[in-house]
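Trainee: no sequence on this one, just coordinates:
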Ligand SMILES: [Zn+2]
């Protein structure tokens, strides 16, 4: 069935967006027409093929439009999603000499949390549940972010459409590969084995001026200074799907060690070896199965979690094994 | 896509020894320094693995000054072969102090070797070895069963599709890396013995559900005649009884017992050899026998 130019126009537009506006519309039109009208390829298949041909990723055309948070990835259009607004903040900015408002916050559902930006005032309120239709995703500071733009409509949902705030605030368990693909996310949890404790873990001394960790009692900016003691963990957790760098501050490190900073300073001076605290961390963490939660971001060094909590998983291995045995024997 | 492949650390796959050792293909890009990936029959695409098990043998095939270590780490399905030399200083140092037997967890790079005209062998180049305990070993088994089963299920689904694609498998809930690996395995292996691998999962699970002792005895006596099975059981029991200080039973004392109990000496020696070959017994030092 032949298609007219008018019928193809919206699809050409969509392909153009999928190709990040890098290909001229008439080139897309020629290709699409050939596939559809000359070779009789169905429109969805033809669209995929054209995007592939120009080096794009046809997955952005996914027929699925209703998403959950953990389905989201960069470069999606016409996203329908429902969630609860956990946080909301307002900023003003200037464009074309006019003052405009911009809202940003965190949206959550049962599967996870995502940062969003609303380029207009939709009357959103913290704690309330909404459906966003025709929103889109893009990359912002290495992470996937949800955007509410010109074509987005917002509908209020009844409060029982989603789990209550306290429940939804819990960090959702994510697979590390997905987390890396998304470039990170706020408030997530991963589970896996600690496969590395990196040098610079344990007892460190920081510059009182700039807080940088001193190397050989010297700050790279402020030279020789009297360092302030601190505790931290730099580690690696691996869940079998991906590996994630971890950075944990004093509070988490103290709870892992079961010793506070003063006690650690004492131990280090008794053993005359500041690295003895790193050894203690290795003993307590290496090869352990843990769950860690926090905020994840991506920079030049890779994808890293700033850890809010680190727990050894206590599980009934025998029980789980029995269940699985039944499933395997099935 | 937002995939930070450049600075992405290689994931460590969970895989049992039998599946790992059955790997026959490797993907290596032409570029220099490009990572290589062992493709297992169930679609693990492993540049790195994380394993846990019992050290059953440590051997230095180098010199005292320049040691080169060969280590066998046994899991409930088979044996991982590790080797480490001067370029693995940290791992080598740990290996030199390893006790046999003991639980270890190993993070390592996958290595392959293909003799001319032969098929590929795999081993592990350890990056980090740490002493472990039973609880972390058990959690590794549980995690590895889960992940192996997920790969099995993914391949099964993919084989049922006319032209399987990654996206479709992901829609079904399989993680991206698993879907990707399943398609690679299907492409490379002519025939994947899915049923064998499904059955392989039973032994690891049983180590977790059955009392350890019962399990090992059951495993040591599976698939053999009743007569030999009872002899094996009796010998394992005697060896345990004579192992009073944990350093193993003295061979001489065992043989005295054998004579005392009027057991057939030749048959007993044969059976001990078999138990040693199958990895149910080992010699911590010459002249002593110990159960794994
Ligand atoms: Zn400074």
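Mentor: On my side now, so go ahead. Predicted model, so just to flag it, every value in this text is computed and none were measured.

Trainee: could you point out the longest strand of chain B?
Mentor: Determined from DSSP state E, the single longest strand within chain B is strand B:48-60.

Trainee: domain map for the chain?
Mentor: In the absence of a named chain, this looks at chain A. Structurally, chain A divides into domains by automatic domain parsing as follows: A:5-61, A:65-169, A:173-204+A:230-320.

Trainee: switch to chain B, please.
Mentor: For chain B, automatic domain parsing gives the domain ranges B:2-132, B:140-205, B:210-291.

Trainee: what strands line up against the longest strand of chain B, and which way round?
Mentor: According to DSSP bridges, strand B:48-60 has the following sheet partners: strand B:12-13 (parallel), strand B:69-75 (antiparallel), strand B:103-113 (antiparallel).

Trainee: show me what counts as buried in the last one.
Mentor: This points to strand B:103-113. The neighbour-count criterion (16 or more other CB atoms under 10 Å in any protein chain shown) identifies B:103-111 as the buried residues of strand B:103-113. Placement of C-beta: from N, CA and C, glycine included.

Trainee: over to stretch A:171-188?
Mentor: If you call a residue buried by 16+ other CB under 10 Å, then stretch A:171-188 has these buried ones: A:171-172, A:174-188.

Trainee: one step back: which one of the strands paired with strand B:48-60 lies closest to residue B:44?
Mentor: With distances scored as CB to CB, the stretch of the strands paired with strand B:48-60 nearest to residue B:44 is strand B:12-13 (4.4 Å).

Trainee: now do that closest one, average pLDDT.
Mentor: Strand B:12-13 comes out with an average pLDDT of 98.

Trainee: tell me the residues of the stretch 1-150 of chain B that contact chain A?
Mentor: Within the stretch 1-150 of chain B, the positions lying close to chain A (CB under 8 Å from any CB of the partner chain) are B:1-4, B:7-14, B:50, B:52, B:105, B:107, B:128, B:130, B:132, B:135-136, B:138-143, B:145-147, B:149.

Trainee: okay, the domains of chain A, which one's buried deepest?
Mentor: Across the domains of chain A, the average number of neighbours (mean count of other CB atoms under 10 Å in any protein chain shown) peaks for domain A:173-204+A:230-320, which reaches a mean of 19.

Trainee: ends of it, how far apart?
Mentor: Chord length of domain A:173-204+A:230-320, first to last residue, is 18 Å (CA to CA, to the nearest Å).

Trainee: check which helix or strand covers residue A:267.
Mentor: With the criterion set as DSSP states H and E, the secondary-structure element containing residue A:267 is helix A:261-270.

Trainee: gap between the very next helix or strand once past that helix and the chain center?
Mentor: On the C-terminal side of helix A:261-270, the closest following helix or strand by DSSP H and E is helix A:276-285. Centroid displacement of helix A:276-285 relative to its chain, using CA atoms, centre = their mean, to the nearest Å, is 29 Å.

Trainee: assign a three-state SS to the residue lying closest to residue A:261 once chain neighbours are set aside, would you?
Mentor: In space, residue A:261 comes closest to residue A:231 once its chain neighbours are excluded; the distance is 5.7 Å by CB to CB, 6 or more residues apart in numbering or on different chains. Of the three states, residue A:231 takes strand under DSSP: H, G, I helix; E, B strand; the rest coil.

Trainee: whatever residue of the stretch 151-292 of chain B ends up closest to the ion: what's it in contact with?
Mentor: Evaluated by CB to the ion, the stretch 151-292 of chain B has residue B:177 as its residue closest to the ion, separated by 41.3 Å. Contact criterion CB atoms under 8 Å, 6 or more residues apart in numbering or on different chains gives A:177, A:241-242, B:11, B:45 as the residues in contact with residue B:177.

Trainee: in chain B, what secondary structure element scores lowest on mean pLDDT?
Mentor: Sorted by mean pLDDT, DSSP states H and E, the helices and strands of chain B end with helix B:212-220, the least confident at a mean of 62.

Trainee: mind listing what's buried in whatever helix or strand comes next after it?
Mentor: From helix B:212-220 onward toward the C-terminus, using DSSP H and E, the following helix or strand is helix B:226-242. Along helix B:226-242, the positions that meet the burial threshold by neighbour count (16+ other CB under 10 Å) are B:229, B:231-232, B:234-236, B:238-239, B:242.

Trainee: helix B:226-242 packs against which elements?
Mentor: helix B:212-220, strand B:249-250, helix B:251-260, helix B:265-277, strand B:288-291 (3 or more CB pairs under 8 Å, 6 or more residues apart in numbering or on different chains; DSSP states H and E).

Trainee: closest one to chain A among the ones you listed?
Mentor: Chain A sits nearest to helix B:212-220 of all those, at 11.6 Å, using CB to the nearest CB.

Trainee: and of the strands paired with strand B:48-60, who's closest to the ion?
Mentor: In terms of CB to the ion, the element of the strands paired with strand B:48-60 nearest to the ion is strand B:103-113, at 34.7 Å.
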